[in-house]
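S.K.: Sharing a sequence plus its predicted fold:
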Amino acid sequence: MNVIILGPPGAGKGTQARFLTEKMGLIQLSTGDLLRSAAAAGTEIGLRAKAVMDAGNLVSDEIVIGVVSDRLDQPDVRSGVIFDGFPRTAAQAVALDRLMDEKGLTLDAVVSMDVDDDLLVDRVSGRFTCAACGEGYHDTHKRPAKDGVCDNCGSTEFKRRADDNAETVRARLNAYHADTAPLIDYYRGTGKLKTVDGMAGIEEVAVAIRAALD
Ligand code: AMP
């Protein structure tokens, strides 16, 4: 099964995509993660993308589509993919249709996570993750049971994304409304759109997504 998770920054796309990888054996294809890895590795594309990401703007369609195309050429995607953070523009959605066709893959569903903007700035600006296992935390809503120690794996190393601050989140939300939200109608037109209430708790949202995909 190949699925897109659509939603604004902070909606919980990454968290829900991780659940689906565990529960359904799908591969998480996060363009944000791929671009951050490229930036950390210091590749030319990564360095070009980093400045744009740090400002909260969208990286060019050309770069992102290239990154996705390369990732879709790896054999593990045959077990099924969750697209997390892609597509984000109409041009990317059209390119994804073409890439899937060329590579003999089918898009089965698009899950749209509906969340109010007011919640998102707070959610994103307080979040951090375990550097070892990727478990997600939040300064006020979800601290580790023992301060400084990951509940999941016991690691004491945590990290925060450079673009998770209030000012950049507002730029990312603007980009979402201008370029990405119109994709909801695009996918509604294909009959593949499922909408879930992303304001509910993490577990409840996970159950709603599984039900929508069953
Ligand atoms: P994310 O991890 O999905 O929140 O993405 C972090 C940042 O990476 C975004 O704010 C963009 O700068 C960039 N990015 C990730 N995915 C895309 C995409 N599909 N199109 C353009 N830029 C992207």
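M.R.: Nice, I can see it. Numbering: from 1, shown residues only.

S.K.: All the strands of the protein, residue numbers only.
M.R.: For the chain, applying DSSP state E gives strands covering 3-6, 27-30, 81-84, 109-114, 127-130, 136-138, 158-159, 193-197.

S.K.: can these go into TSV with extra columns for distance to residue 170, mean neighbour count and mean pLDDT?
M.R.: Using the backbone N, CA and C atoms, a C-beta is placed for each residue, glycine as well. Formatted as TSV, the strands of the chain follow (distance: least, C-beta to C-beta, whole Å; neighbours: other C-beta atoms under 10 Å; pLDDT from 0 to 100):
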stretch	distance to residue 170	mean neighbour count	mean pLDDT
strand 3-6	20	25	97
strand 27-30	22	20	95
strand 81-84	21	24	97
strand 109-114	19	20	96
strand 127-130	16	19	94
strand 136-138	18	16	92
strand 158-159	22	14	96
strand 193-197	23	17	96
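
S.K.: Output these as JSON lines; include the columns distance to residue 151.
M.R.: Converted to JSON lines, the strands of the chain look like this (distance: least, C-beta to C-beta, whole Å):
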{"stretch": "strand 3-6", "distance to residue 151": "24"}
{"stretch": "strand 27-30", "distance to residue 151": "21"}
{"stretch": "strand 81-84", "distance to residue 151": "23"}
{"stretch": "strand 109-114", "distance to residue 151": "24"}
{"stretch": "strand 127-130", "distance to residue 151": "9"}
{"stretch": "strand 136-138", "distance to residue 151": "8"}
{"stretch": "strand 158-159", "distance to residue 151": "12"}
{"stretch": "strand 193-197", "distance to residue 151": "25"}
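
S.K.: how about those strands in a markdown table, adding distance to the ligand?
M.R.: Converted to a markdown table, these look like this (distance: least, C-beta to the nearest ligand atom, whole Å):
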| stretch | distance to the ligand |
| --- | --- |
| strand 3-6 | 10 |
| strand 27-30 | 6 |
| strand 81-84 | 7 |
| strand 109-114 | 13 |
| strand 127-130 | 11 |
| strand 136-138 | 12 |
| strand 158-159 | 13 |
| strand 193-197 | 18 |
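
S.K.: Can you name the residues that contact the closest residue to the ligand within the chain?
M.R.: In the chain, the residue that lies nearest the ligand is residue 32 (1.9 Å; C-beta to the nearest ligand atom). By C-beta atoms under 8 Å, 6 or more residues apart in numbering, residue 32 lies in contact with 14, 53, 84-85.

S.K.: got it, and residue 117?
M.R.: Applying C-beta under 8 Å, 6+ apart, we find residue 117 in contact with 8, 173.

S.K.: is the ligand contacted by the lowest-mean-pLDDT helix or strand in the chain?
M.R.: Every helix and strand in the chain was compared by mean pLDDT, DSSP states H and E; the lowest is helix 117-125, with a mean of 87. No: Helix 117-125 does not reach the ligand (C-beta under 6 Å from any ligand atom); its nearest approach is 8.6 Å.
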